[in-house]
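>>> sequence and predicted structure, then a few things I'm wondering about:
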Amino acid sequence: MKKNLILFISIILVSSLFAQQNFNTSLHKTREGKNTAYRSENGGMQLLTNIPMSQLSCQKCHSTTGFYPNGTPIDPTTYTPSCNDCHNFAAGTTVQEQTCLNCHNRQVYERQAYPNTDKHQQAGLTCMSCHSKEELHGDDGVAYSSLKEPGAIKVKCVDCHSNLPSNTSHSVHNAKVDCAACHAVSILTCASCHFETLLATGKNRAINQIKGYRLLVKKEGKVRLGGFMTHTYDGKANVIINSYHSHIITKNATTCSDCHNNMGAGVPAITEYNNTGKMTLTTWNATTKKIVGPTGVVPLTADWFGAIKLDFATYTGDPNIFPSDPNAWVYLKSTFDNAHLFFAEPLDSSTLVKLGFTKFPNSVELIDGNIPTEFVLKQNYPNPFNPETKIEFSLPKTEFVNISVYDVVGNLITHLFRGEKQAGTYRISFNGENLSSGVYLLQMNAGSLNKVIKMVLTR
């Protein structure tokens, strides 16, 4: 009997230690997602602020109530993530859904923006109906860099919806389009987040929320929802574009013409790009003092860095005082100082054709999926060229890549690509049809590579 008791206690202790070890690598413990998105080496906002994440309050983010589930107050100065964030062990191990919502504010905002809309909520499902404890505890032992990293979120729509209705939409889109791209009601995001307020108080301050649009990006080979968020700091502006998953799902959230500009209704963003080569994401309304977002579908093109147009606002009130004074928001500017993609890629040209694009940007084409041994930027070919030339580059590992073209006196001509790419060899084209003859400089920054090549345009 005594031996059995000792064995039982030993099993409990070992299981507890193993679970704790896994939790230590989970995103609930590490909070690595915001750190990865913010860091300068990933193209994040640290490039503008020069303030390391260790000096920010982001990794000490905790329940908005200020209390643990067991009612104990949280001391922000000594707080560190632990099992107590979610569990009230005095009442058992079940986690209440409100506990999830106390930290995951975006889902709260979505429900407020679209009340009684989500089919999962209407059916009585909760967060834990889809997200297993193994996923939340990090039981695979992998220290993910973000919940957007492949493998970090295990659940998939087809885990429950395995027998999809037989129709044209499912047969055409199933292998190439993520379910939420069609079935999510909208993306919800914040505009012109005021970084000075975060530094002063640890709280977020945005001018307003934006909804009613559906940004489309590519991730893991599929068309998925993407979102964008804008920030301001010290007169500078930042935008991050990332993959996104809305939790407001309905059966008939979209129609074919909502996405396909060539199917009758017309898509404002695609029409604007076809006519001007630009896409307007945000606009300042001087009357309401609000940032107005886009409407409908906005497909991300390969030349997004130069194509997207945004207006930014900043807060002139006391950053320590809440709530915000609506009259303290003022227009800042219509250019951004930094922008990057985060677990998202632009759509390829074949997808843009299907969506009704008639004007096409240069795209980065993977030509060899084998992993190179070093960073390489080859000379463009042909060279001299008229009017188009191609550039090949190789990455030995996943890196943030920035490729830009300048004239000989250093004036920026265009950003060919700015975003993350996995290891491999790629090709991108540059078209100089609107430029005069002469020498142009192509600069590429990726990892340890910082190289410039000369390209000669002859007309």
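Sure thing, it's come through.
>>> Val185 - how many residues pack around it?
The number of residues packed around Val185, counting by other CB atoms under 10 Å, is 21. Just so you know, the C-beta spots here come from the backbone N, C-alpha and C atoms, and that holds for glycine as well.
>>> look up how far Asn208 lies from the closest residue to it other than its chain neighbours.
Nearest residue to Val185, sequence neighbours excluded (CB to CB, 6 or more residues apart in numbering): Ile248, at 4.4 Å. Distance of Ile248 to Asn208, given as CB to CB, to the nearest Å: 19 Å.
>>> the more surrounded of those two?
With neighbours defined as other CB under 10 Å, Ile248 and Asn208 compare such that Ile248 has more, 24 against 18.
>>> wouldn't the more buried one be in contact with His183 here?
No: Ile248 is not in contact with His183 according to CB atoms under 8 Å; the separation is 9.5 Å.
>>> anything in contact with each of these two?
In the contact map built from CB atoms under 8 Å, 6 or more residues apart in numbering, no residue is linked to both Ile248 and His183.
>>> Val330 - that's part of a helix, no?
No: counting by DSSP: H, G, I helix; E, B strand; the rest coil, Val330 is located in no helix; its state is strand.
>>> burial of Gly447, as a residue count?
Other residues near Gly447 come to 15 when the count uses other CB under 10 Å.
>>> which residues does it contact?
375, 395-397, 399.
>>> neighbour count and secondary structure for those - can I get that in CSV?
What follows is the contacts of Gly447, written out as CSV (neighbours: other CB atoms under 10 Å; DSSP: H, G, I helix; E, B strand; the rest coil):
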residue, neighbour count, secondary structure
Phe375, 19, coil
Leu395, 22, strand
Pro396, 17, coil
Lys397, 12, coil
Glu399, 20, strand
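>>> pick the one among the residues you listed closest to Ala191.
Proximity of the contacts of Gly447 to Ala191, judged by CB to CB, is greatest for Glu399, which lies at 29.6 Å.
>>> any idea what the closest one is bridged to?
The residues listed as beta-bridge partners of Glu399 by DSSP bridges are Lys421.
>>> His170 versus that one, what's the distance?
36 Å.
>>> lowest confidence element among the helices and strands of this protein?
Of all the helices and strands that make up the chain, helix 2-24 has the lowest average by mean pLDDT, DSSP states H and E, namely a mean of 53.
>>> next structured bit after it?
Where DSSP states H and E defines the elements, the next helix or strand beyond helix 2-24 is helix 27-30.
>>> list the contacts of the helix or strand following that next one.
Counting by DSSP H and E, the element after helix 27-30 in chain order, helix or strand, is helix 32-38. Under the criterion CB under 8 Å, 6+ apart, residues 27, 42, 44-46, 53, 56, 58-59, 61, 143-148, 240, 242, 342 lie in contact with helix 32-38.
>>> give me the buried entries from those.
With burial judged by 16 or more other CB atoms under 10 Å, the buried subset of the contacts of helix 32-38 is 27, 42, 44-46, 53, 56, 58-59, 61, 144-146, 148, 240, 242, 342.
>>> let's see which of these end up in helices.
Secondary structure assignment (DSSP state H) places 27, 46 from these within helices.
>>> okay, stretch 95-114 in PDB with CA atoms only?
Taking C-alpha atoms only, stretch 95-114 is exported to PDB below (Å, rounded to 0.1, in the frame of the first residue of the first chain):
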ATOM      1  CA  VAL A  95     -11.100  27.900 -17.200                       C
ATOM      2  CA  GLN A  96     -14.100  30.300 -17.600                       C
ATOM      3  CA  GLU A  97     -14.500  31.900 -21.000                       C
ATOM      4  CA  GLN A  98     -14.600  35.400 -19.400                       C
ATOM      5  CA  THR A  99     -11.000  34.700 -18.200                       C
ATOM      6  CA  CYS A 100      -9.900  34.300 -21.800                       C
ATOM      7  CA  LEU A 101     -11.700  37.500 -22.800                       C
ATOM      8  CA  ASN A 102     -10.100  39.400 -20.000                       C
ATOM      9  CA  CYS A 103      -6.800  39.200 -21.900                       C
ATOM     10  CA  HIS A 104      -7.800  38.600 -25.500                       C
ATOM     11  CA  ASN A 105      -9.500  42.000 -26.000                       C
ATOM     12  CA  ARG A 106      -9.800  41.800 -29.800                       C
ATOM     13  CA  GLN A 107     -12.500  39.100 -29.400                       C
ATOM     14  CA  VAL A 108     -14.400  41.300 -27.000                       C
ATOM     15  CA  TYR A 109     -14.200  44.200 -29.600                       C
ATOM     16  CA  GLU A 110     -15.400  41.900 -32.400                       C
ATOM     17  CA  ARG A 111     -18.400  40.800 -30.400                       C
ATOM     18  CA  GLN A 112     -19.300  44.400 -29.500                       C
ATOM     19  CA  ALA A 113     -18.900  45.400 -33.200                       C
ATOM     20  CA  TYR A 114     -21.000  42.400 -34.500                       C
END
